[in-house]
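Student: What follows is a predicted protein model with its sequence.
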Amino acid sequence: MKYTEIQKLGKSDRDKKLKELKMELIKSKTAASKTGSTKTKQIKKIIARLHTFNTSENKSSGVETE
């Protein structure tokens, strides 16, 4: 998922996608221990992009989060 795709999503869609990716990350970690997959790295990057976008959006709107 590219940054431009994330910009097109609404707040609720981003939160939903974040939850889906976290579940996929857990599944990928268990599968990677068996097969040695590198999919976990890609999922982590997408999660980081989502968090970065949410943080920058919150700062621009004046809302602070912990």
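Tutor: Happy to help now that I have it.

Student: Quick one: the helices in this structure, in order.
Tutor: Along the chain, the stretches classed as helices by DSSP state H are 3-8, 11-35, 39-61.

Student: how about the ones you listed in TSV, adding mean neighbour count?
Tutor: Every C-beta, even on glycine, is put in place using the N, C-alpha and C of the backbone. As requested, the helices of the chain are exported to TSV (neighbours: other CB atoms under 10 Å):
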stretch	mean neighbour count
helix 3-8	11
helix 11-35	12
helix 39-61	13
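
Student: Turn the ones you listed into TSV, including mean pLDDT.
Tutor: Output for the helices of the chain, formatted as TSV (pLDDT from 0 to 100):
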stretch	mean pLDDT
helix 3-8	86
helix 11-35	87
helix 39-61	88
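
Student: Show me the residue sitting in the middle of this structure in space.
Tutor: Centroid check for the chain by CA atoms, centre = their mean gives Ile47 as the closest residue, at 2.1 Å.

Student: Now it: closest residue in space, sequence neighbours ignored.
Tutor: Leu21 (5.3 Å; CB to CB, 6 or more residues apart in numbering).

Student: Give the residue farthest from the middle of this protein.
Tutor: Lys34 (23.8 Å).

Student: The residue nearest to the centre of the chain contacts Lys22, correct?
Tutor: Yes - the pair Ile47 / Lys22 is scored as a contact, 6.9 Å apart, by CB atoms under 8 Å.

Student: show me what contacts Leu9?
Tutor: Neighbouring residues of Leu9 by CB atoms under 8 Å, 6 or more residues apart in numbering: Lys17.

Student: backbone phi and psi for it, please?
Tutor: Dihedral pair for Leu9: phi -80, psi 150, per degrees, to the nearest 10.

Student: where does it land on pLDDT?
Tutor: Looking at Leu9, its pLDDT is 87.

Student: Next: Thr65.
Tutor: At Thr65, pLDDT is 54.

Student: and if you look at Lys2?
Tutor: Looking at Lys2, its pLDDT reads 84.

Student: Look up how far Arg49 lies from it.
Tutor: 8 Å (CB to CB, to the nearest Å).
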